[in-house]
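Asker: What would the 3D arrangement of this be:
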Amino acid sequence: MTADSPERTPLLWPDSDRTRELLAAARGGDEDAVAGLLDRHRDALCRLVRARMDRGIRRRVDASDVVQDVLLEASNRLPDYLDQPALPFHLWLRRLARDRLIDMYRRHRQAQRRSVDRERPLEGRVHADRSSFDLAVQLADAELTPAAASIRRELQLRFRDALEDLGDDDREILIMRHFEQLTNSEAAAVLELSPAATGMRHLRALRRLKTILQEPGTSQQ
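Answerer: Numbering: from 1, shown residues only. Model prediction:
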């Protein structure tokens, strides 16, 4: 199986069959294929960036601007990727987006330190901020009654806060598997672990999350 043809779980990212066709055309010099390849991943990138932007950066930068920067970088670096596709295309885009967010986060922290009346510093890495996995947005349902919506919101807050109580590794594997909908093999490629080790990490993270959620008084705000 080649780097750009893994098994897909078709939720966050577009289906891989068409992606493979566009990649093949792009290798042949088809500029329309390049444009189509990047454009069909725009929405998925936007969802990913919105979920992982911490609130400090979100107040200053629109997610669509970040996505545009990532796609521009991808366009510039695409020839190198096509020569040596070490990762499936969507995982390569994901890495570019995450690197961009980490860079923005670092610059945001530096700006905070220089500000006399700065806000409370952000805690942890990009994915450690509460807004990194905004269940209120991901699970919103306009058809719910007010009472049902209130119950769902409470469960969302409990789950979100339980995620924050996990270690970075546990939280990251859960976000990758359950929000980003990466397969175990894809998560293994991102983490540079074997599929077996990745599966065990996922299982341990689920067990720890379940334990936290079962604790009395779990973060109800």
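Asker: going forward, measure contacts between C-alpha atoms and count neighbours the same way
Answerer: Fine.
Asker: So the closest residue to residue 182 other than its chain neighbours versus residue 168, what's the distance?
Answerer: Spatial nearest neighbour of residue 182, chain neighbours left out: residue 176 (5.7 Å); criterion: CA to CA, 6 or more residues apart in numbering. Distance from residue 176 to residue 168, counting by CA to CA, to the nearest Å: 12 Å.
Asker: if you count what's nearby, which of these two comes out ahead?
Answerer: Taking neighbours as other CA atoms under 10 Å, residue 176 and residue 168 compare with residue 176 leading, 17 against 14.
Asker: Which pLDDT value belongs to that one?
Answerer: pLDDT, residue 176: 87.
Asker: just checking, it touches residue 186?
Answerer: No - applying CA atoms under 8 Å, one finds residue 176 not in contact with residue 186, separated by 9.1 Å.
Asker: and for these two, which residues touch both?
Answerer: Both residue 176 and residue 186 lack any common contact, where contact means CA atoms under 8 Å, 6 or more residues apart in numbering.
Asker: buried ones in the lengthiest helix in the chain?
Answerer: Ordering each helix of the chain by length in residues (DSSP state H) puts helix 89-114 first. Neighbour-count burial for helix 89-114 flags 89-94, 96-98, 100-102, 104-105, 108-109, 112 (criterion: 16 or more other CA atoms under 10 Å).
Asker: Show the average pLDDT along it.
Answerer: The average pLDDT within helix 89-114 is 83.
Asker: Then stretch 194-202?
Answerer: pLDDT averaged over stretch 194-202 gives 95.
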